[in-house]
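Enquirer: Sequence first, predicted model second:
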Amino acid sequence: MSNQVTVFVPRETSAVSLGAHDVAEKLAAVENVNVVRNGSWGASWLEPLVEVVVGDDRIAYGPVEVGDLDSLLEAGFLTGGKHPLCLGPISEIPYLKNQERWTFWRCGLIDPISIADFQAHKGFAGLQKAFEKGPEYVLDQIKTSGLRGRGGAGFPTGIKWQTVADTEGEQKYITCNADEGDSGTFSDRLLMEGDPLNLIEGMIIAGFAVGASKGYIYLRSEYPLTRRVLTKALLAARDSGWLGQDIQGSGFDFDIDIHIGGGSYVCGEETAMLESLEGKAGVIRYKPPLPAIEGLFGKPTVVNNVVTLGSVPLIMALGAEKYAEFGVGRSKGTLAFQLAGNIKRGGMVEKAFGLTLRELIEDFGGGTATGRPVRAVQVGGPLGAYLTAEQLDTPLDYEAFAEMGGMIGHGGIVVFDDTVDMAAQARFAMEFCAIESCGKCTPCRIGSVRGVEVIDRIVSNEDREENITLLNDLCDTMIDGSLCAMGGMTPFPVRSALESFPEDFNK
Amino acid sequence: MAIKYDKIIASEIISQFGGRPEMLVQVLHALVERYGYISDEAIRQVATELNISRAEVHGVVSFYHDFRTSPPAKHILKICQAEACQAMGSRQLTAHAESKLGVQMHGSTDNVTLEPVYCLGNCACSPAVIIDDKVYGRVDANKLDKLIDECGV
């Protein structure tokens, strides 16, 4: 066995979308090669990123296409040989080395569906501590950590959990919102494909803290590979007694089901998600009542994003104070930023709050993929404002962004070069809202359709001034009158485009 | 993909979900996976077996993009239309696909149904497309031509 070489090839959507399955298949056929399908480290620009275990190091090569394998084998890459694609030890790649990994620290490192590998890397340590210290302790730790909802809204997680814990109810639920629909975001997916057991552990801890015995992962249908990995991880957890009745002799019962969404963006809104989980159309609910009081099937329900739940196990294992050391002001801890769109080194960067967009886009991202100047950046998904190249020095924390009318949201950053037509982007924001609106409230349902028409009239120079006034008026109505963020925030990209790039509306 | 609707098999599929109305979205997914779309016949049967009205089933079917109500071609090609892919030329890629296939978005040739999708989570490797359930990244016109050719002409 000593001459067996272990090679890691990610089973992760981006890597696979660029040919990782073919690479893995061909390598598996090489004598004495043991292929392990890990998750991705998040350096998407290097995918498929293949690692070879040499002594204590993992030597990285990337991006590796199946056509490169002959020359790699010839260069002796199975013993860490030199090759133009060689990136050196994975731990020395600056893109990864300069991050502050907390939630994603096991991503890429381990075999995602191996309970043994997970446990060899602190897996279930947080849950065991929770079992030892009791639900009150967990709630206190999560509050002390300052963890806020990573899905976009940034609501304090500890307070949400406390509300569910304090609400009387025979049956309570933990629901994980894995309907990651914002363009430019893929951190939920990376975590579920790279370290699904971490999410499962986070959900069990949440269930234990609030007294819930049932969890649901609401996963979007656009993530078929994620579904396969997650399903395997759930089976592995169940088979080894980490899910089901009397988990590891603790007396606590908890199990998790996956529900697949129907390709609807608005189902990422928490109450629409609950409707969809109940088998209905994803039409949003009025709030109050809050889901924490009356959620799934009318029962007290925790609704948390994947990354939020995935941050919990290490907070429990290492202590809340440790987590709270990261970040600035009221934005504690780390966020998984995602560099997307027209970017040279796209991928996921987990850093403490407080760095600037410029550091992310220039230092990590290396500027645009096309090599042209950055013109616009959309932060926080399709409902986020478009920022100009001059606004990139704003520190990334929830409050600083709110102050300038933007939002960090789920941490997605989409970069556009100077060829972008911002009037087309504004039009798309309204069009997307028209396509995806659940239809419950008028400002969103009708406003978005009218918005597309008004922008078309402005661009074609029809009563320009009147129509600009009308568009601003319409934006106010949508912001003030919509029931949820879909209609309420669609004006943000529209207005920021109009205000910061007026020349694009007047060609 | 064109499998003829079979009431007995459909009934087995529906009953896998325990006949519970809250599983409706999952039931519909399972039927689409097998038959490619939700027929009127399927709507009637689902309504009967889950003991809910046809209107309720229809409401759910028509709400979600995933539940098409007419049979698709052999393969379904979806091109991401969201911002990250737009920043890397998905609009041009879409126009290229439409002209190569000779159909507009939502149209079908014998082999390919062309549809939009809003984000595949492959935003760092844009533009992205998905064919059936396989995602492809950094897709340019050449690569797309090859993928379409592999679907058969």
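Expert: That came through, no problem.

Enquirer: Secondary structure of residue A:6: a strand, I assume?
Expert: Yes. Judged by DSSP: H, G, I helix; E, B strand; the rest coil, residue A:6 forms part of a strand.

Enquirer: I'd assumed residue A:32 was in contact with it.
Expert: No. Taking contact to mean CB atoms under 8 Å, the distance of 10.2 Å between residue A:6 and residue A:32 leaves them out of contact. Every residue, glycine included, has its C-beta placed from N, CA and C.

Enquirer: residue of the stretch 51-200 of chain A with the smallest distance to chain B?
Expert: Among all residues of the stretch 51-200 of chain A, residue A:183 sits closest to chain B, at 3.3 Å; criterion: CB to the nearest CB.

Enquirer: who's in contact with the nearest residue to that residue once chain neighbours are set aside?
Expert: The shortest distance from residue A:183 to any residue other than its chain neighbours is 3.3 Å, reached at residue B:82 (CB to CB, 6 or more residues apart in numbering or on different chains). Contacts for residue B:82 (CB atoms under 8 Å, 6 or more residues apart in numbering or on different chains) come out as A:183, A:184, A:382, A:432, B:90, B:118, B:119, B:123.

Enquirer: just the helices in chain B please.
Expert: Counting by DSSP state H, residue ranges of the helices within chain B are B:7-15, B:24-35, B:40-50, B:54-63, B:83-86, B:90-101, B:141-150.

Enquirer: Single out the most deeply packed of the ones you listed.
Expert: With neighbours defined as mean count of other CB atoms under 10 Å in any protein chain shown, these peak in mean count at helix B:83-86, which reaches a mean of 31.

Enquirer: center of chain B - which residue?
Expert: When CA atoms, centre = their mean is applied to chain B, the residue found nearest the centroid is residue B:66 (5.3 Å).

Enquirer: isn't that one right up against residue A:282?
Expert: No. Between residue B:66 and residue A:282 there is no contact under CB under 8 Å: 11.5 Å.

Enquirer: Can you check which residues contact both of the two?
Expert: Listed contacts common to residue B:66 and residue A:282 are A:261, A:262; contacts here mean CB under 8 Å, 6+ apart.

Enquirer: picking up where we left off before, ok, which pair from the contacts of residue B:82 is furthest apart?
Expert: Maximum pairwise distance in the contacts of residue B:82, criterion CB to CB, is 15.2 Å, between A:432 and B:123.

Enquirer: How about the residues of the stretch 351-500 of chain A by chain B?
Expert: Within reach of chain B by CB under 8 Å from any CB of the partner chain, the stretch 351-500 of chain A has these residues: A:369, A:378, A:382, A:412, A:414-417, A:420, A:425, A:428, A:432, A:435-436, A:438.

Enquirer: Now do residue 134, the pLDDT please.
Expert: Picked chain A for this. Among the per-residue scores, residue A:134 holds a pLDDT of 98.

Enquirer: Can you look at chain B instead?
Expert: At residue B:134 the predicted local confidence, pLDDT, stands at 97.

Enquirer: again, but for residue A:2
Expert: With respect to pLDDT, residue A:2 has a value of 56.

Enquirer: To what extent is residue A:80 buried, counted in neighbours?
Expert: Neighbours of residue A:80 under the rule other CB atoms under 10 Å in any protein chain shown: 21.

Enquirer: for residue A:506, same thing?
Expert: 11.

Enquirer: Who are the contact partners of it?
Expert: In this structure, residue A:506 makes contact with A:461, A:464, judged by CB under 8 Å, 6+ apart.

Enquirer: if you count what's nearby, which of residue A:6 and residue A:32 comes out ahead?
Expert: Per other CB under 10 Å, whichever of residue A:6 and residue A:32 has more neighbours is residue A:6, with 14 against 10.

Enquirer: For residue B:33, see how far away that one is.
Expert: 36 Å (CB to CB, to the nearest Å).

Enquirer: wait, what's in contact with the residue located most distally from the centre of chain B?
Expert: Note on chain B: the largest C-alpha distance from the chain mean falls to residue B:51, namely 26.5 Å (CA atoms, centre = their mean). Listed by CB under 8 Å, 6+ apart, the contact set of residue B:51 reads B:19, B:21.

Enquirer: what about 7 Å?
Expert: Neighbouring residues of residue B:51 by CB atoms under 7 Å, 6 or more residues apart in numbering or on different chains: residue B:21.

Enquirer: and if you look at residue A:53?
Expert: Under the criterion of CB under 7 Å, 6+ apart, the neighbours of residue A:53 are A:5, A:6.

Enquirer: Can you read off the pLDDT for it?
Expert: pLDDT, the model's per-residue confidence, is 98 for residue A:53.

Enquirer: got the CA coordinates for the one helix or strand it maps to in CSV?
Expert: Using DSSP states H and E, residue A:53 falls within strand A:50-54. These are the backbone C-alpha positions of strand A:50-54, laid out as CSV (Å, rounded to 0.1, in the frame of the first residue of the first chain):
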residue,chain,number,x,y,z
VAL,A,50,-6.1,18.6,-8.6
GLU,A,51,-4.0,17.9,-5.5
VAL,A,52,-1.4,15.2,-5.1
VAL,A,53,-0.4,14.0,-1.6
VAL,A,54,3.4,14.1,-1.4
